[in-house]
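**Q** Sequence first, then the predicted structure:
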Amino acid sequence: MLFERTETAAPIDAAVEDALRNADLGLMRGIVEIADYSPRWADAFNALVAALEPTRPEEVLEIAHVGSTSVPGLPAKAILDIAIAVACPSDALRVHEWLQAMGFLCRGARDEQEPEVLYGLELEEGVRLVNVHVERVGGEAWQHHLGLRDVLRANEEARDVYGALKRRLAIDNPEDRMAYIEGKTDFIVAHREAIDSLEA
């Protein structure tokens, strides 16, 4: 298997570590807890991209801030979600080597043919600060991440409904991340048409 899960990371690049200090980020693995939106999340994303830029391989086509921390005003788990676009699975392998060298943990591939490979970054063992999704540019996962983000940025009512849902699900499922994720499905499906219109 090309993208095996790793439990021990290489030493974290100093610039990457500096980018994530004092950024209102960090959540124990397996815990579901929602924090109020912090403007430091956007700053941390920009600082992290700047820290990665000097060693960024040419296979990285784009780095995007996605997930709830990318939507101003939306409460979220205090973990940055970042999507990295590549052209094909062979490019994902080069990006895999780069991310591991920078101190990221590989969490495995959802589909090695697509690709969609997941990574995490922890300054303290077990406390996740960043999730990275390496995805094919223009692929379903990439379009979904950007589409949902853009719908929530553009629609304050949808953002607030989603925020309230996330808070309720976190209270109901404080240690069950899968139940929390599944509980958001109906909202996402209900907004699928708006997401699809942005993807078109």
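**A** Perfect, I can see it now. Residues are numbered from 1 along each chain as shown.
**Q** all strands for the chain, in order.
**A** Taking DSSP state E as the criterion, the chain contains strands spanning 27-28, 62-66, 80-86, 105-111, 116-121, 127-128, 130-136.
**Q** Which one, of those strands, ends up nearest to Ala179?
**A** Nearest to Ala179, of all the strands of the chain, is strand 27-28, at 16.2 Å by CB to CB. Where C-beta positions appear, they are placed from N, C-alpha and C, glycine not excepted.
**Q** Now that we have the strands of the chain, can you turn them into CSV and tack on mean pLDDT and mean neighbour count?
**A** Formatted as CSV, these follow (pLDDT from 0 to 100; neighbours: other CB atoms under 10 Å):
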stretch, mean pLDDT, mean neighbour count
strand 27-28, 96, 16
strand 62-66, 98, 18
strand 80-86, 98, 23
strand 105-111, 86, 17
strand 116-121, 94, 22
strand 127-128, 96, 19
strand 130-136, 96, 24
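**Q** mind giving me JSON lines with those and columns for distance to Arg192?
**A** Compiled in JSON lines, the strands of the chain are given as follows (distance: least, CB to CB, whole Å):
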{"stretch": "strand 27-28", "distance to Arg192": "28"}
{"stretch": "strand 62-66", "distance to Arg192": "17"}
{"stretch": "strand 80-86", "distance to Arg192": "19"}
{"stretch": "strand 105-111", "distance to Arg192": "20"}
{"stretch": "strand 116-121", "distance to Arg192": "19"}
{"stretch": "strand 127-128", "distance to Arg192": "28"}
{"stretch": "strand 130-136", "distance to Arg192": "18"}
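**Q** Would you mind telling me which of the ones you listed is nearest Val16?
**A** Closest among the strands of the chain, once you apply CB to CB, is strand 116-121, at 7.4 Å.
**Q** residues contacting the closest residue in space to Asn131 that isn't next to it in sequence?
**A** Leaving aside its chain neighbours, Asn131 sits nearest to Asp81 (5.1 Å; criterion: CB to CB, 6 or more residues apart in numbering). Contact analysis of Asp81 by CB atoms under 8 Å, 6 or more residues apart in numbering lists 65-70, 130-131, 133, 145.
**Q** And Asp81, how far from Leu152?
**A** Using CB to CB, to the nearest Å, one gets 13 Å for the distance from Asp81 to Leu152.
**Q** which residues do these two both contact?
**A** Ser68.
**Q** Gly30 touches Met178, doesn't it?
**A** No. Under the criterion of CB atoms under 8 Å, Gly30 is not in contact with Met178, lying 10.1 Å apart.
**Q** Please spell out which residues along stretch 88-105 are buried.
**A** 89, 91-93, 95-96, 98-99, 102-105 (16 or more other CB atoms under 10 Å).
**Q** Let me know the distance separating the residue most central in space within the chain from Lys166.
**A** Of all residues in the chain, the one closest to the mean position by CA atoms, centre = their mean is Asp81, 1.8 Å from it. Asp81 sits 13 Å away from Lys166, going by CB to CB.
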